[in-house]
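Enquirer: sequence first, then the predicted structure, then my questions.
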Amino acid sequence: MSETLNPYSDISLSPITKFKDVWRSEAKGIVLSFAERIMVKSMPGNVYRILAKDVRSYEFIIPYDEKADVGEIFTVEDRDMLFLARVVNVQHDSNYNGRWDTSIRGTELYDEEQIFNRVIAEPLGCIPRDQTKRRGAFRKAKTIPTKFSKVKRTEAEEFGFLKDTMGDIEVGVLRNGSRDTDVTVALHSSAMDHHMGIFATTGMGKSNFMKVFAASCMKLASENRSEFGLLIVDPHGEYLRGGKAGKGLLHLTPYASSLKCYSTDPRNHSLPEVSELTISRRDILPEDIKVLHDWTGAQMDALDSIERIFDGDSWIDEILDENGKAMLTERAKVSEKTVDVLVRKLENILSRNKYIKSSGNSSIPGIIEGVKSGKVVLIDIPNLSESSELFLLSLISRRIMEDYRNEEEGRKRCMIVIEEAQRVLGSDSRIARFEEIAREGRKFGVGLCAITQQPKLIDRELLSQFNTVVVMGLADRNDRVRVEESAKQDLSSLDVEIQTLEKGEAIISTLNVPFPIPAKIHIYEDYIERLRPSAPERRSFRPTPD
Ligand SMILES: Nc1ncnc2c1ncn2[C@@H]1O[C@H](COP(=O)(O)OP(=O)(O)OP(=O)(O)O)[C@@H](O)[C@H]1O
């Protein structure tokens, strides 16, 4: 049942009521009653009054023709305390106690003085009025603001306390409803080995987010402030030079020294910033190639036997040789037919993945060195199959984990980006390597950044290991529920807001910030312009003209 705005039953002043008349009256110098003043004070500067309801939900009303956006943050002023609350819903409401009077009033269907919008807002916390800039002053609200406290749209300076809680990896600005503020939103490097999930329906801005994130990491590395290296394996070839309209990481020329690129695309090999990707046969273990095919049970057993019988450095050469084949049949009792199929498949893999070389240098030591020194390492593999992508990602991740298991002074932590993460962290499609990193990577300083359009397919328990969640618009209810269930901060009340997010808008739940932050992610192309020093630098990579 809707609550009448006029709390004084003995005064027959109808709610939003007579606003305009009363406002005019005061302007004319007519003395108003206390209740009338409450109404009047709700008008200028869009100040409202809190009406209800409890510690978990506030309600106030605004004129029927005024807007409040889901996600917008309002401040409730209660003497020396400010309570912040975020709009979770807006409803049509009236003083007709739920029964709409539809008789014609003049030319209208309703009496406009009796109708209003009821705003439902979720408390975020409270802060002493004189400490809005002080670190740690903001805390959860354990009580409700006094009834009829003033409510108004939160001003930029009241977000001052948030500036202190932000981290070092800039990704966007704080969004207040649909309005962007000038408060920078930045993630904490220290939270990155606690894993990060980027969840969004297709086209909502995941790749743009990753490029902005990588650009900030490159900036930190160039300033010697990077705390972790970032590994990106890009099967779409969009991060290096950019896509059709967008720009790539190579365009961030001032920080190019913090980017290490490897590519399988010969067109990129002439660029001095890019090395040709080569993987040596010696780098590969039988377990690595398991992701490259749908092997039968017998073939899987044979691969396990190879691991036991042959030397890890030379097993590919040995198995391609007649003596090696014979050894496998004799010592591991693998049937000749299975050995033949296995060898044929292996030859097939080698001919399709030309970056696997029988001799020469491997890129892997350089990749690991790049990550350990806190750089962004980009592995550009356009036109390779999905299985080749997973093979490379899995192989490099294994080598990183092997390295990171040993203590090493001065080494930076590492974050591995996985696109379409449901393929490797799914309830039905897990790859042991990534499951292992999700569960225990943080012990060794290795974190995952899982990007997916379908978080509902990610294993529930693995998802709960993700301490930073960036949600960018999820149309599917099951996807939202899965993310809301596993996020460390309560996102359930933000369901409507998540459904209404536009491209590039996000809700970020992460460690060290007091509530899930509504953000507008920078557009990469604009952001790198901002990062560019005014004096142009001479670099060998010449971006193609726009
Ligand atoms: N922060 C942003 N602000 C404004 N527009 C954005 C933003 N991020 C992305 N967009 C718009 O959305 C489009 C799609 O972005 P992007 O390619 O990053 O989405 P995606 O989620 O990675 O898509 P896909 O799932 O198809 O790979 C961009 O071309 C751009 O027009």
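Expert: Here it is on my side, so go on.
Enquirer: tell me how far residue 317 lies from the ligand.
Expert: 39 Å (CB to the nearest ligand atom, to the nearest Å). For every residue, glycine as well, the C-beta is placed using N, CA and C.
Enquirer: what's the distance between the host helix or strand of that residue and the middle of its chain?
Expert: Using DSSP states H and E, residue 317 maps to helix 315-319. Chain-centre distance of helix 315-319: 43 Å, with CA atoms, centre = their mean, to the nearest Å.
Enquirer: what does it contact?
Expert: 281, 284-286, 306-307, 310-311, 324-325, 327-328, 342-343, 346, 350, 358 (CB atoms under 8 Å, 6 or more residues apart in numbering).
Enquirer: can you flag the buried ones in those?
Expert: 281, 284-286, 306, 310, 324-325, 327-328, 342-343, 346, 350 (16 or more other CB atoms under 10 Å).
Enquirer: look up which residues are beta-bridged to residue 229.
Expert: Beta-bridge pairing of residue 229, defined through DSSP bridges, involves residue 414.
Enquirer: measure it to the ligand for me?
Expert: 23 Å.
Enquirer: which residue packs closest to residue 207, ignoring adjacent ones?
Expert: Distances taken as CB to CB, 6 or more residues apart in numbering place residue 238 nearest to residue 207, at 6.1 Å, with adjacent residues excluded.
Enquirer: wait, residue 178
Expert: That would be residue 69: by CB to CB, 6+ apart, it lies 5.2 Å from residue 178.
Enquirer: burial of that neighbour, as a residue count?
Expert: When neighbours are defined as other CB atoms under 10 Å, residue 69 has 15 of them.
Enquirer: so who does it touch?
Expert: 87, 90, 177, 178.
Enquirer: and the buried ones among the residues you listed, selectable in PyMOL?
Expert: Here is the PyMOL command that selects the buried residues among those (16+ other CB under 10 Å):
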select buried, resi 87+90+177
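Enquirer: can you give me the strands for the stretch 201-350 of the chain?
Expert: 228-234, 259-263, 274-276, 279-280 (DSSP state E, counting those that start in this stretch).
Enquirer: dump those into CSV; add mean pLDDT and mean neighbour count as well.
Expert: Shown next, in CSV, are those (pLDDT from 0 to 100; neighbours: other CB atoms under 10 Å):
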stretch, mean pLDDT, mean neighbour count
strand 228-234, 95, 26
strand 259-263, 97, 25
strand 274-276, 96, 18
strand 279-280, 94, 20
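Enquirer: to residue 115, which of these lies closest?
Expert: strand 228-234 (53.0 Å; CB to CB).
Enquirer: quick revisit: let me know how buried the residue nearest to residue 207 is, in neighbour terms.
Expert: Neighbours of residue 238 (other CB under 10 Å): 18.
Enquirer: for residue 62, same thing?
Expert: 19.
Enquirer: same deal with residue 329?
Expert: Residue 329 has 15 nearby residues by other CB under 10 Å.
Enquirer: ok and the residue in the protein nearest the ligand?
Expert: residue 504 (2.2 Å; CB to the nearest ligand atom).
Enquirer: now for that residue, how many residues are close by?
Expert: 20.
Enquirer: list the contacts for it?
Expert: 172, 204, 205, 208, 472, 520, 521, 523.
Enquirer: doesn't residue 208 make contact with the last one?
Expert: Yes - under the criterion of CB atoms under 8 Å, residue 523 makes contact with residue 208 at 6.6 Å.
Enquirer: what about residue 449, which SS state?
Expert: Following DSSP: H, G, I helix; E, B strand; the rest coil, the label given to residue 449 is strand.
Enquirer: any chance of TSV for the strands of the stretch 201-350 of the chain, columns distance to residue 388?
Expert: Compiled in TSV, the strands of the stretch 201-350 of the chain are given as follows (distance: least, CB to CB, whole Å):
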stretch	distance to residue 388
strand 228-234	10
strand 259-263	14
strand 274-276	16
strand 279-280	10
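Enquirer: identify the farthest-apart pair in the contacts of residue 69.
Expert: 90 and 178, at 13.0 Å, using CB to CB across the contacts of residue 69.
Enquirer: for the protein, which residues are neighbours of the ligand?
Expert: Residues of the chain found near the ligand (CB under 6 Å from any ligand atom) are 200, 202, 203, 204, 205, 206, 207, 208, 503, 504, 521, 523.
Enquirer: could you report the neighbour count for the fifth one?
Expert: Just to be clear, that refers to residue 205. 23.
Enquirer: ok, back up a step: of the contacts of residue 504, buried ones?
Expert: 172, 204, 205, 208, 472, 520, 521, 523.
Enquirer: count of neighbours near the nearest residue to the fifth one once chain neighbours are set aside?
Expert: Think residue 472. Using CB to CB, 6+ apart and skipping the chain neighbours, the partner closest in space to residue 472 is residue 200 (3.5 Å). Close neighbours of residue 200, defined as other CB under 10 Å, add up to 27.
Enquirer: give the contact list for residue 200.
Expert: Counted by CB under 8 Å, 6+ apart, residue 200 has contacts 206, 453, 471, 472, 473, 474.
Enquirer: go through those residues and name the one nearest residue 334.
Expert: For the contacts of residue 200, the nearest to residue 334 is residue 453 (40.6 Å; CB to CB).
Enquirer: how about residue 518, secondary structure?
Expert: Applying three-state DSSP: residue 518 is strand.
Enquirer: from residue 468, how far out is it?
Expert: In this view, residue 518 and residue 468 are 15 Å apart by CB to CB, to the nearest Å.
Enquirer: go on, residue 452?
Expert: Distance from residue 452 to residue 468, by CB to CB: 14 Å.
Enquirer: swap in residue 119?
Expert: 30 Å.
Enquirer: and if you look at residue 506?
Expert: Applying CB to CB to residue 506 and residue 468 gives a distance of 11 Å.
Enquirer: same check on residue 321?
Expert: Taking CB to CB, one finds residue 321 at 49 Å from residue 468.
Enquirer: next one: residue 120
Expert: Distance from residue 120 to residue 468, by CB to CB: 28 Å.
Enquirer: so these two - more neighbours on which side?
Expert: residue 468 (24 against 20).
Enquirer: my guess is that one meets residue 191, correct?
Expert: Yes - at 5.4 Å, residue 468 counts as touching residue 191 under the criterion of CB under 8 Å.
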